[in-house]
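1. Provide a 3D model corresponding to the input given below.
(one chain, ligands or ions: 1)
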Amino acid sequence: MDSFWSRTARMPQFAPLKDSLQTGVLVIGGGMAGVLCAWLLKQAGVDCVLLEAGRIGGGTTGGTTAKLTAQHGLIYDKLIRRFGLDAAKLYWQANQDALERFRLMSREIDCDFQDKDNWIYSLDDREGLERERKALEQTGAPVKFCQDPPLPFDTVGAVGVPGQGQFHPLKFLAAIAKDLPIYEHTRVLGWKPGEVRTAYGAVRAKQVIVATHFPFITNHGFYFLKLYQSRSYVLALRNASAMDGMYLDASGTGLSFRAYGDVLLMGGGGHRTGKGKCGWQSLEDAAKRYYPNAEQICRWAAQDCMTLDDAPYAGRYSRRTPGLYVITGFNKWGMTGSMLSAAMVTDMILGRKNPYEDLFSPSRTILRPQLAANALEAAASLLTLRKPRCPHMGCALKYNPAEHSWDCPCHGSRFAGDDGAVIDGPANGGGSFSL
Ligand SMILES: Cc1cc2nc3c(=O)[nH]c(=O)nc-3n(C[C@H](O)[C@H](O)[C@H](O)COP(=O)(O)OP(=O)(O)OC[C@H]3O[C@@H](n4cnc5c(N)ncnc54)[C@H](O)[C@@H]3O)c2cc1C
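-> You can find the predicted model right below:
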């Protein structure tokens with residue numbers, strides 16, 4: 001992915017695995033979640049190795065907008081209704097702790113960390129904003145309200161949290177990865193207890209962390225029912241008006257803004273991967289309307305894993321797989337999500353109690369309305385006779401003309417339009433789709 005971040009960071013390079021090896025902990029996946037796991041384990045003196053299918057930071061982490069905040073849309077009102085006030089307080093604390101860890105680490109790392117206020121605005125739902133303000137107050141978060149946020153269109157206000165942050169995600173990742181035992185271009189093709197298989201040999205490890213974005217081991221944990229992927233689009237604009245603070249539309253379908261120096265990052269156009277229209281056109285129309293003098297210097301798309309209840313899955317992969325851990329399902333909030341999950345899984349491996357284990361447990365209830373939506377989507381796609389089919393679970397792929405790829409509406413795997421090579425998992429190892 002050619003994003004603004006990948007153009008402006010120098011990533012360290014690592015050789016592929018050459019031979020079979022043994023380690024204490026194996027981390028699979030070199031995005032923010034996996035690299036933070038390896039870094040924290042190394043800090044704790046644990047013998048570990050990280051395997052990355054492509055280049056570190058080349059997945060969704062390279063396409064993020066890198067807001068560091070514990071304010072994830074209008075989530076606290078939902079969390080209180082869904083899990084209760086104590087759980088909402090824990091969610092706030094976990095993400096706020098994660099933000100503080102980034103702040104602390106960024107003192108030693110040249111990654112353009114800046115303190116910023118975060119804002120969730122709405123075009124028409126003042127009541128929703130008021131409910132969220134109240135929920136944040138109950139949670140104990142510092143909260144502000146702005147009647148007329150400095151955005152280039154009318155809103156009914158914005159609810160904000162001060163003292164959050166933003167940074168350059170790949171400069172950060174490059175700095176913490178450079179001395180870690182990482183093998184790039186080494187895809188894990190299969191797992192069995194205590195061992196994984198790659199094209200270059202096996203890696204034996206008592207503990208394995210799957211941080212591959214969408215987990216690729218399908219016969220445990222029901223992730224094919226618990227997750228879907230949502231794709232969204234980002235423009236980097238120069239000569240747009242200056243913006244202080246980070247902004248996101250409350251509806252989940254509107255625009256996101258943050259600045260990086262004199263560049264404005266404007267995101268939006270989100271839709272379920274493999275369904276719905278590519279969002280670049282609507283974003284580019286919005287950019288012309290709101291910033292007619294701006295120059296577009298870069299655009300990209302990326303996708304994230306969405307859970308059934310808006311909280312990530314971090315912890316034991318399933319009840320039947322001792323020694324196997326997972327980190328996934330960030331619902332487009334995977335910066336603090338990666339940090340809190342990596343810290344939690346590291347604690348679990350070290351045998352330390354972590355206060356957030358139950359809240360983010362992948363084994364929590366799956367009885368949520370989104371489960372039916374995921375199941376229906378899979379059923380409809382499996383019953384569609386069209387080819388090609390996805391090698392992950394056999395769903396019918398849909399051609400994406402804007403990105404010249406074949407995309408899966410069930411789980412979000414994507415394949416190159418010319419040779420069918422895997423671009424995004426969970427499809428793994430086959431290297432191509434089946435015709
Ligand atoms: C447009 C957009 C904007 C966002 N903005 C924000 C934001 O402002 N703030 C925020 O907190 N979050 C944001 N997010 C979410 C956040 O970027 C992601 O949740 C996070 O980057 C996910 O990190 P990850 O490590 O789980 O996945 P990835 O970065 O995708 O890393 C997974 C890695 O695993 C590797 N891999 C996959 N399969 C295998 C295998 N079999 N063997 C070896 N390696 C494998 C992949 O190559 C990849 O490098 C945004 C997301 C999107 C899509």
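2. next one: stretch 81-94 to chain centre, how far?
-> 20 Å (C-alpha atoms, centre = their mean, to the nearest Å).
3. brain fart, stretch 406-417
-> On C-alpha atoms, centre = their mean, the centre of stretch 406-417 falls 17 Å from the chain's centre.
4. measure that stretch end to end?
-> Length of stretch 406-417, first residue to last, C-alpha to C-alpha, to the nearest Å: 6 Å.
5. so for it, mean pLDDT?
-> Stretch 406-417 carries an average pLDDT of 95.
6. give the buried residues for that stretch.
-> 406-415 (16 or more other C-beta atoms under 10 Å). From N, CA and C alone the C-beta is placed, and that goes for glycine too.
7. so which residues of the stretch 51-200 of the chain form strands?
-> With strands called from DSSP state E, counting those that start in this stretch, the stretch 51-200 of the chain shows them at 67-68, 114-121, 144-146, 158-166, 182-183, 188-192, 195-198.
8. pLDDT weak spots in the stretch 151-300 of the chain?
-> Applying pLDDT under 70 to the stretch 151-300 of the chain flags no residue at all.
9. residues of it that sit close to the ligand?
-> Contacts of the stretch 151-300 of the chain with the ligand, taken as C-beta under 6 Å from any ligand atom, map to 187-188, 211-213, 216, 232, 234, 267.
10. what segments of the stretch 201-350 of the chain are helices?
-> Listed in chain order, the helices of the stretch 201-350 of the chain (DSSP state H, counting those that start in this stretch) span residues 223-226, 280-290, 334-349.
11. show me what the longest one packs onto, helices and strands only.
-> Here helix 334-349 is seen to pack against helix 32-43, strand 67-68, helix 85-106, strand 201-210, strand 313-316, strand 324-328 when contacts are counted using 3 or more C-beta pairs under 8 Å, 6 or more residues apart in numbering; DSSP states H and E.
12. and those as TSV, adding mean neighbour count?
-> Output for the helices and strands packed on helix 334-349, formatted as TSV (neighbours: other C-beta atoms under 10 Å):
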stretch	mean neighbour count
helix 32-43	25
strand 67-68	26
helix 85-106	19
strand 201-210	20
strand 313-316	25
strand 324-328	27
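13. ok, back up a step: mind checking which of the buried residues of stretch 406-417 land in strands?
-> 406-407, 414-415 (DSSP state E).
14. who touches Arg258 in this structure?
-> Residues near Arg258 by C-beta atoms under 8 Å, 6 or more residues apart in numbering: 65-67, 116, 166, 243, 246-247, 264-265.
15. let's have those residues in TSV, adding distance to Met344.
-> Below are these laid out as TSV (distance: C-beta to C-beta, whole Å):
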residue	distance to Met344
Thr65	24
Ala66	21
Lys67	21
Lys116	25
Gln166	23
Met243	33
Met246	25
Tyr247	29
Leu264	34
Leu265	29
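16. tell me the one of those nearest Asp97?
-> Lys67 (16.6 Å; C-beta to C-beta).
17. skipping its backbone neighbours, what lies nearest that closest one in space?
-> Distance criterion C-beta to C-beta, 6 or more residues apart in numbering; nearest residue to Lys67, sequence neighbours excluded, is Met246 at 4.7 Å.
18. one step back: of the residues of the stretch 151-300 of the chain next to the ligand - the most surrounded one?
-> When neighbours are counted by other C-beta atoms under 10 Å, Ala211 leads those with 29 neighbours.
19. how about it, what does it touch?
-> By C-beta under 8 Å, 6+ apart, Ala211 lies in contact with 27-29, 31, 33-34, 37, 326-328, 342.
20. rerun at 10 Å
-> By C-beta atoms under 10 Å, 6 or more residues apart in numbering, the contact set of Ala211 is 27-38, 50, 52, 59, 314, 325-328, 338, 341-342, 345.
21. same check on Pro149?
-> So Pro149 contacts 119-121, 155, 157-160, 245, 247, 257 (C-beta under 10 Å, 6+ apart).
22. and with 8 Å instead?
-> 119, 121, 155, 157-158, 247.
23. identify the farthest-apart pair in those residues.
-> Largest separation among the contacts of Pro149 by C-beta to C-beta: Gly157 and Tyr247, giving 12.0 Å.
24. between the two, what contacts are shared?
-> 121, 149.
25. neighbour count winner among those two?
-> Tyr247 (23 against 20).
26. mind listing what that one touches?
-> 119-121, 149, 151, 158, 255-258.
27. coming back round to it: now render the strands of the stretch 51-200 of the chain as TSV, adding distance to Asp19.
-> Below are those laid out as TSV (distance: least, C-beta to C-beta, whole Å):
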stretch	distance to Asp19
strand 67-68	39
strand 114-121	44
strand 144-146	56
strand 158-166	41
strand 182-183	11
strand 188-192	15
strand 195-198	10
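28. point out the most buried one among these.
-> strand 67-68 (a mean of 26; mean count of other C-beta atoms under 10 Å).
29. and the contacts of Ala211 near the ligand, which?
-> 28-34, 52, 59, 338.
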